[in-house]
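Enquirer: would you be able to build a 3D model of this:
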Amino acid sequence: MRTDILDLHHFYESPLGAMAAASVAAPIKAAWGEAAGLRVAGFGFAAPYLAQFPHARATLALAPDAQGVMRWPTHDDRQPASNDEMTEDAPSPPPHTPGPIKNRACLVHEGYWPLPDRSVDRLLIVHGLEEVRDATRLMREVWRVLADDGHLIIVAAQRRGLWAAFDTTPMAAGRPWLRGQLNRLLEQSLFAPRTWHRALNFPPISHNLAYRMAPSLDRIGKMVWPGFCGALVVEAEKNVIQPVKGTPARVQRVARPKLSARFAPRPASVSAAISAPISASGRGHDPTRISRSPGQDK
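Expert: Sure, this is the predicted structure:
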């Protein structure tokens, strides 16, 4: 069972959630910048992070069906105007299109998204992988909707981190991941991991002193205790052609049975005599026949 959308929303509205969003958003912003002119989509609960792309050609928040969905954006973030732009051949509108705020969030099945093939340039997964029913099927759908030169960023809870041990945060829900597990999932799904970042390097403590120290602890934790971060942030590229990994051929030794004298190969002279042509009388040379002189037949 997935975490309810209201629980996620209330967490990010809290001071601790705001600090967590700032820590996770930093590597995303460094990787994609403003994503100007690109089609950006998010799966899971990515709305707090999609708002940092006001110059994107189109933005769309995809919510899992078991989680629930909320209207997004709820205020004017100067987002593009319509969801019809999330198609491959749609023209690029000018940024900051004026007009009413339209909903950009929808409810989808984890393995079947209502998007055309290669319709997304940048895809962000936040709170979407930990509680998924079938991670392989999800990644296949991600590969389908992502453009050939598209990029993917996954934010996943880290198994060794403190955030996965505190059930007061969404990072403790579902299955946390290790870097090796996430790397294998990406490679098996035809994605090439490029950059890795560690976020949430401060403890998930709801206290005013902890809030003030969180930015400093986050910077120090990246250098001092990187293995105990709360979340892994990995950027990967889509592989259009899967490279064939060569494996050395195995040389298998086959035991040759030892033949008895009955089945032993014949000497060369015997084999040649047996294969000699038959004479006109119907007899060939028989090496086993005993030759006798004419006087011995009497």
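Enquirer: can you give me the helices in the stretch 51-200 of the chain?
Expert: 135-145, 179-188 (DSSP state H, counting those that start in this stretch).
Enquirer: these: which one's closest to residue 226?
Expert: Shortest distance between residue 226 and the helices of the stretch 51-200 of the chain, using CB to CB, is found for helix 179-188: 10.5 Å. C-betas here are computed from N, CA, C, even on glycine.
Enquirer: and the contacts of the closest one?
Expert: With CB atoms under 8 Å, 6 or more residues apart in numbering as the test, helix 179-188 has contacts from 135-136, 139, 154, 156, 158, 192-193, 196, 232, 234, 236.
Enquirer: out of these, who's nearest residue 209?
Expert: residue 158 (24.2 Å).
Enquirer: and that closest one, bridged to which residues?
Expert: Note on residue 158: beta-bridge partners by DSSP bridges are residue 177.
Enquirer: got a pLDDT number for it?
Expert: The score at residue 158 is 94. That number is its pLDDT.
Enquirer: possible to save the helices of the stretch 51-200 of the chain as TSV with mean neighbour count, mean pLDDT and distance to residue 217?
Expert: Output for the helices of the stretch 51-200 of the chain, formatted as TSV (neighbours: other CB atoms under 10 Å; pLDDT from 0 to 100; distance: least, CB to CB, whole Å):
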stretch	mean neighbour count	mean pLDDT	distance to residue 217
helix 135-145	18	96	31
helix 179-188	15	96	21
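Enquirer: with distance to residue 12 added, can I get these in TSV?
Expert: Listed next are the helices of the stretch 51-200 of the chain as TSV, based on distance: least, CB to CB, whole Å:
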stretch	distance to residue 12
helix 135-145	22
helix 179-188	23
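Enquirer: quick one: which of these is nearest residue 72?
Expert: Using CB to CB as the measure, helix 135-145 is the one of these that comes nearest residue 72, at 18.8 Å.
Enquirer: so what's the gap between the closest one and the chain middle?
Expert: Distance of helix 135-145 from its chain centroid, counting by CA atoms, centre = their mean, to the nearest Å, is 8 Å.
Enquirer: and for stretch 45-63?
Expert: Mean-position distance between stretch 45-63 and its chain equals 21 Å (CA atoms, centre = their mean).
Enquirer: which residue ranges of the stretch 1-150 of the chain form strands?
Expert: With DSSP state E, counting those that start in this stretch, the ranges of strands along the stretch 1-150 of the chain come out as 39-44, 58-64, 105-108, 120-126, 146-157.
Enquirer: which one of those lies closest to residue 220?
Expert: Closest to residue 220 of these, according to CB to CB: strand 146-157, at 20.9 Å.
Enquirer: what sits up against that closest one?
Expert: Contacts of strand 146-157 with the rest of the structure, by CB under 8 Å, 6+ apart, involve 24, 28, 31-32, 39, 88, 118-127, 129-130, 142, 163-164, 171-172, 174, 176-177, 182, 186, 191, 199, 230-238, 240.
Enquirer: return a ChimeraX selection command for the buried portion of these.
Expert: Selecting only the buried entries of these in ChimeraX, with 16 or more other CB atoms under 10 Å as the criterion:
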select :24,28,31,32,39,118,119,120,121,122,123,124,125,126,127,129,130,142,163,164,171,172,174,176,177,182,186,191,199,230,231,232,233,234,235,236,237,238
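Enquirer: ok, back up a step: and the strands of the stretch 1-150 of the chain: which comes nearest residue 4?
Expert: strand 58-64 (11.1 Å).
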